[in-house]
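[1] 3D, please:
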Amino acid sequence: MRVSEPLPSRADRHQAAKRLRGAWPREAHAELDLPRGRDALAILFAQDSTRIASLVPERHRRMLASQFAFFRGGAAIMAADLKPLPKPGLTVQASGDCHLMNFGAFVSPEGRILFDLNDFDETCAGVDFTVDVKRLAASIAVAADDFGIGPRRSHAIVRRAVKSYREFMRELAKLSPLQIWQQRILFDDELDRIEDRRLRRVIRRGLIKAEATMSADDDVPHLDLSGPVARFEDRDKKIFHGDEETRGLLREAVEALAAYPRTLQPDRRRLIERYALVDTAIKIVGVGSVGTLCAIGLYCTADNDRFVLQIKEAKPSVIADLAEAPPAIDDDGRRVVDGQRALQAATDVFLGWIPKTKSKWRFYVRQLKNQRLASLGDLIAEEIEDGAVLSAYAELCARTLARAHARSGDPAAIGGYLGSGAAFDAAVADFANAYVDINRKDYAALAAFAAASNAGREG
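    Below you'll find the predicted structure:
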């Protein structure tokens, strides 16, 4: 029997990564040299050309709601901006769109309330860990600017968040791979860590409300129960059965949902086969996903037990060009599913993808999330005043990102590169504050384009 060669120890990997600082100084992560000829709107419009044309105006409308909303929808823009920047080569399964609103609270299969990453449309393997860290840091700075928090205070908030990432990564580096895989961010534990009373109060209030109505999912659409079979009620610009174009798209979704159970484990396949798909509808979600084909399916038993699945189009990741090697899998639906399973501590039992067919569409499927739990960030945002609440929430997100990265990356190496000092924290905070100005200009360019387009239609 052949025995594997001994793997390098944590200490050896830690020391090897420290030596990377010579070629890739941690201070260099403050750099923000935009590519020559950069055109943010050209990147955005190139994405629009691959989306459902009738929904593109709604995408722009949502992005123009605020500078932070624009940032959320501009993952492809930032990916292009990050491409030429320093990367030490310490790769992870990257989220790809790591911003404050892509974290949330969820109920695990065991009924525990966890805090974790949320959206995985852009996830990609083999990407340097700094890509996610910088997008999260920039999102904190943009959110702070939106809430009127000045650059100096914003810089301190970002610096503390990056410090939380760095310190937790170094803690995780001391654990075995199995112990890291079993790590979860439990809300009860995280509440005990937060010193800010306002943040504890807001989160606790949200949790108590959620626990009292755990079975009532805020994100499940209203149902029309007047006929023999339940149907989704249309909700203007959010949920609809729609026109001829939409009905054609829904037929694609129905065919995809019929094929999807083949990607599930046998026990979960048997579970879903106890339900029948009785209705589908288009559902517009988020900001960045608007214009992609997103639908929901209503499943019922003969006894009227119900649940809802969400089917989402999976397009190529915006950070694919930042990966060290081409992806091993050429199916974007499976890419999303594999990425979510790698990053999340407790994934949806119905998470799956649609087997590759002749259709141009690539899909993945999941249960429709419990929106009451997933939107605690919105509750926190309502009470931001001097930045203390934002800071505590940002630190929680950063710790959660470190846990996610440690599952697929090498925490001993990443921790060794980051070190015990604040050089990396300060550099990324400099980068984030500088990116606020770039995002502000890009937002203004889209606003000007929208204004000119509206004037042209009116004229």
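
[2] quick one, phi/psi of residue 176?
    According to degrees, to the nearest 10, the main-chain angles of residue 176 amount to phi -80, psi 160.

[3] need the contact list for it.
    By C-beta atoms under 8 Å, 6 or more residues apart in numbering, the contact list for residue 176 is empty. Placement of C-beta: from N, CA and C, glycine included.

[4] gap between it and residue 145?
    41 Å (C-beta to C-beta, to the nearest Å).

[5] now swap in residue 414 and tell me
    Residue 414 is 28 Å from residue 145, by C-beta to C-beta.

[6] surely residue 155 is in contact with residue 428?
    No: counting by C-beta atoms under 8 Å, residue 155 stays clear of residue 428, with 10.2 Å between them.

[7] and these two? Which one has more around it.
    residue 428 (27 against 17; other C-beta atoms under 10 Å).

[8] close enough to count as contact, that one and residue 27?
    No: the criterion here is C-beta under 8 Å, and residue 428 misses it with residue 27 at 10.4 Å.

[9] overlap in contacts, these two.
    With C-beta under 8 Å, 6+ apart, residue 428 and residue 27 have no common neighbours.

[10] within the helices and strands, which one has residue 139?
    helix 129-146 (DSSP states H and E).

[11] for that helix, name the packing helices and strands.
    helix 67-73, helix 75-82, strand 91-94, helix 151-172, helix 388-408, helix 423-458 (3 or more C-beta pairs under 8 Å, 6 or more residues apart in numbering; DSSP states H and E).

[12] looking at those, which is buried most?
    strand 91-94 (a mean of 26; mean count of other C-beta atoms under 10 Å).

[13] packing partners for it?
    Using 3+ C-beta pairs under 8 Å, 6+ apart: strand 91-94 touches strand 124-128, helix 129-146, helix 332-343, helix 388-408.

[14] using PDB, write out every CA atom in that strand.
    The C-alpha trace of strand 91-94 is given here as PDB (Å, rounded to 0.1, in the frame of the first residue of the first chain):
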ATOM      1  CA  THR A  91      -5.800  31.200  -2.800                       C
ATOM      2  CA  VAL A  92      -9.300  30.400  -1.400                       C
ATOM      3  CA  GLN A  93     -12.800  29.600  -2.600                       C
ATOM      4  CA  ALA A  94     -13.700  33.300  -3.000                       C
END
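
[15] chain center to the next helix or strand after it, what's the gap?
    Later in the chain than strand 91-94, the nearest helix or strand by DSSP H and E is strand 103-107. Here strand 103-107 is found 12 Å from its chain centre; the criterion is C-alpha atoms, centre = their mean, to the nearest Å.

[16] helices and strands around strand 103-107, which ones?
    Using 3+ C-beta pairs under 8 Å, 6+ apart: strand 103-107 touches strand 113-117, helix 197-212, helix 371-374, helix 376-381, helix 388-408.

[17] how far does the longest one sit from its chain's centre?
    Taking C-alpha atoms, centre = their mean, one finds the center of helix 388-408 at 13 Å from the center of the full chain.

[18] equivalent analysis for the first one, please.
    Its chain's C-alpha centre lies 12 Å from the corresponding centre of strand 113-117 when counted by C-alpha atoms, centre = their mean.

[19] between it and helix 388-408, how many degrees?
    80 degrees (axes from the mean of the first three to the mean of the last three C-alpha atoms, to 10 degrees).

[20] nearest to residue 101, out of the helices and strands packed on helix 129-146?
    helix 67-73 (6.4 Å; C-beta to C-beta).

[21] just checking the distance from the closest one to the centre of its chain.
    With C-alpha atoms, centre = their mean, you get 13 Å for helix 67-73.

[22] on that earlier part again, and the helices and strands packed on strand 103-107, which one averages the lowest pLDDT?
    Out of the helices and strands packed on strand 103-107, helix 371-374 stands lowest, with a mean of 47 (criterion: mean pLDDT).

[23] any idea of the mean pLDDT for stretch 166-181?
    96.

[24] can you check stretch 324-339 too?
    Averaging pLDDT residue by residue across stretch 324-339 gives 85.

[25] and if you look at stretch 30-42?
    Mean predicted lDDT for stretch 30-42 stands at 90.

[26] now that stretch - C-alpha only, PDB.
    Below are the C-alpha coordinates for stretch 30-42, written out as PDB (Å, rounded to 0.1, in the frame of the first residue of the first chain):
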ATOM      1  CA  ALA A  30      -3.100  50.300  -0.300                       C
ATOM      2  CA  GLU A  31      -2.400  50.600  -4.000                       C
ATOM      3  CA  LEU A  32      -5.300  51.600  -6.300                       C
ATOM      4  CA  ASP A  33      -4.000  52.000  -9.800                       C
ATOM      5  CA  LEU A  34      -7.000  51.900 -12.200                       C
ATOM      6  CA  PRO A  35      -6.500  50.100 -15.500                       C
ATOM      7  CA  ARG A  36      -5.800  52.400 -18.400                       C
ATOM      8  CA  GLY A  37      -8.900  53.200 -20.400                       C
ATOM      9  CA  ARG A  38     -11.100  52.000 -17.600                       C
ATOM     10  CA  ASP A  39     -14.800  52.500 -18.500                       C
ATOM     11  CA  ALA A  40     -17.100  51.400 -15.600                       C
ATOM     12  CA  LEU A  41     -20.300  51.900 -17.600                       C
ATOM     13  CA  ALA A  42     -19.000  49.900 -20.500                       C
END
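
[27] list the buried ones in it?
    30, 32, 40 (16 or more other C-beta atoms under 10 Å).

[28] surely the first one meets residue 432?
    What it means is residue 30. No: here residue 30 does not reach residue 432: they are 9.5 Å apart, not a contact under C-beta under 8 Å.

[29] and the pLDDT for residue 246?
    69.

[30] low-confidence ranges in the stretch 351-459 of the chain?
    Judged by pLDDT under 70, the stretch 351-459 of the chain has its weakly predicted residues at 356-359, 369-386, 455-459.

[31] now the end-to-end length of stretch 406-422.
    With C-alpha to C-alpha, to the nearest Å as the measure, stretch 406-422 spans 20 Å from end to end.

[32] so which bits of it are buried?
    Here stretch 406-422 shows 406-419 as buried, counting by 16+ other C-beta under 10 Å.

[33] so what touches that stretch?
    10-11, 13-18, 20-21, 24, 26, 88, 90-93, 125, 129, 159, 163, 166, 169-170, 172-173, 175, 180-181, 183, 342-343, 402, 405, 424.
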